[in-house]
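Trainee: just coords:
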């Protein structure tokens, strides 16, 4: 009996051992590759801060490298010119964010809600990342920005709304300028007047205005600009907002 039990125990032990997961050595990024990636990130972060403040023309390469705390020559290991790092920033700010908005609105069929979600998320992104917002304000109507990323998506979304007879816009381009310009003005107001600690936060109160629900109010007004009735525009602009986490999961 005992021997049988021992043999069974031994058998169970053997089976258990045979199915145990075999540790796999985690692949590490080579040190040189990691340093190169970190240097590139520092250069991009520094260029974004400087160009958001002074524009591309107002920034020199040595300013970028000094702000990034890297050697001047290291810049050319990552970018051919100041114009090249600017183009990368525009892609990061406009193209990647626009791709995320597409994922956020992928399940939304109403063109009006697509515009509302995009407007609200854009204002909220600027609230949480003021440098990003200031770069968007400065470059929002540049030729590159209008032909790519957010500008291209906005033209598409307005066109979809017109085709679906949700928007009443006689001139799509002027409609695009009206929406895009209002969004940029709203971001400027958000950063200057609305966010806690804004330099001119007291001005709104002095003028009798409120900063509450600012992204929703902006979206509602823009939907009215595109032809929706006020009640419907406000209802759409107040719907639950798809989250960034949902967009990441869908991606």
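Mentor: Arrived safely, thanks for sending. Note that this is a predicted model, so its numbers are computed, not measured.
Trainee: And the average pLDDT for stretch 59-73 is what?
Mentor: Taken as a whole, stretch 59-73 carries a mean pLDDT of 95.
Trainee: Flag every buried residue along that stretch.
Mentor: 59, 61, 63, 64, 65, 67, 68, 70 (16 or more other C-beta atoms under 10 Å). In short, each C-beta sits where N, CA and C put it, glycine included.
Trainee: Make sure residue 43 is actually in contact with residue 70.
Mentor: Yes - the pair formed by residue 43 and residue 70 meets the contact definition of C-beta atoms under 8 Å, at 6.6 Å.
Trainee: circling back to that earlier point, can you put the buried residues of stretch 59-73 in JSON lines and add secondary structure?
Mentor: Converted to JSON lines, the buried residues of stretch 59-73 look like this (DSSP: H, G, I helix; E, B strand; the rest coil):
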{"residue": "59", "secondary structure": "coil"}
{"residue": "61", "secondary structure": "helix"}
{"residue": "63", "secondary structure": "helix"}
{"residue": "64", "secondary structure": "helix"}
{"residue": "65", "secondary structure": "helix"}
{"residue": "67", "secondary structure": "helix"}
{"residue": "68", "secondary structure": "helix"}
{"residue": "70", "secondary structure": "coil"}
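Trainee: got a list of contacts for the longest helix seen in the chain?
Mentor: Assignment by DSSP state H gives helix 31-54 as the longest helix of the chain. Contacts with helix 31-54, where a contact means C-beta atoms under 8 Å, 6 or more residues apart in numbering, come from 29, 58-59, 63-65, 67-70, 74-75, 77-79, 85-86, 88-89, 92-93, 131-132, 134-135, 138-139.
Trainee: For that helix, give the mean pLDDT please.
Mentor: 90.
Trainee: Stretch 84-94 too?
Mentor: Here the average pLDDT along stretch 84-94 is 88.
Trainee: how far does that stretch sit from the chain's center?
Mentor: Average the C-alpha atoms of stretch 84-94, do the same for its chain, and the two points are 13 Å apart (C-alpha atoms, centre = their mean, to the nearest Å).
Trainee: The stretch 51-200 of the chain: helices as residue ranges?
Mentor: 61-68, 82-90, 97-104, 111-128, 130-139, 143-147, 149-163, 172-189 (DSSP state H, counting those that start in this stretch).
Trainee: Single out the most deeply packed of the ones you listed.
Mentor: Of those, the one with the most neighbours on average (mean count of other C-beta atoms under 10 Å) is helix 111-128, at a mean of 22.
Trainee: re earlier: what's the least confident stretch among the helices of the stretch 51-200 of the chain?
Mentor: Sorting these by mean pLDDT places helix 143-147 lowest, at a mean of 73.
Trainee: counting contacts, what elements does that helix pack onto?
Mentor: helix 82-90 (3 or more C-beta pairs under 8 Å, 6 or more residues apart in numbering; DSSP states H and E).
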